[in-house]
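Engineer: Dropping a prediction and its sequence here:
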Amino acid sequence: MAKRPDAKSQLLREHGTLNPRPQFVSDGLFQDGEFFDPRDLLLVKYEMLRRVRLEELTVAEAAAAFGFSRPSFYQAQARFEEGGLAGLIPQRPGPRHAHKLSDEVLDYLQQQQALDELLRAPQLCQLALEKFGLSVHPRSIERALNRRIKKGR
């Protein structure tokens, strides 16, 4: 039977800061203290960076003690320098918006849909491919057009 996650693990997961590999954190502070929780990815990264900067641990030593690679350390360091503590919060991978569906493409698709109300997303995909050479999923077109309708365009 699978073990149910506790409330803190669930909260960390919801915020995207649950450390996927807490078992690799070997630093002494994280072994028996309640405050220093190896499941808290944000805390682990911050403490790793702090140790190198203030306690003069080498990057290799700190990365090993906190369960990271050296490249991961440098990535965390750059993000911290750029965005502070918030920079250490993991970001969702992938595009942040409909990058293929520019205003020009959506204008064209809306015009075509206005001319023929029976056109649906699969046919609009074909039109986008023929006119702009874009291969787009039908659901992406539906979402983009719905966003435009909500914005009143």
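Structural biologist: Received, thanks. Numbers count the residues shown, from 1 in each chain.

Engineer: okay, CA-based contacts and neighbour counts for the rest of this
Structural biologist: OK.

Engineer: tell me the SS of the residue nearest the centre of the chain?
Structural biologist: By CA atoms, centre = their mean, the chain has its centre lying nearest to residue 92, at 0.9 Å. At residue 92 the chain is in coil, as set by DSSP: H, G, I helix; E, B strand; the rest coil.

Engineer: pLDDT wise, what is it at?
Structural biologist: Reported pLDDT at residue 92 in the predicted model: 76.

Engineer: again, but for residue 98
Structural biologist: 68.

Engineer: 47 is where my numbering starts, stick with that
Structural biologist: In the new count, where the first residue is 47, that last one comes out as residue 144.

Engineer: one step back: how near is the residue nearest to the centre of the chain to residue 184?
Structural biologist: Separation of residue 138 from residue 184 (CA to CA, to the nearest Å): 23 Å.

Engineer: quick one: contacts for residue 180?
Structural biologist: Taking CA atoms under 8 Å, 6 or more residues apart in numbering, we find residue 180 in contact with 146, 174.

Engineer: If we use 6 Å, what do you get?
Structural biologist: By CA atoms under 6 Å, 6 or more residues apart in numbering, the contact set of residue 180 is residue 174.
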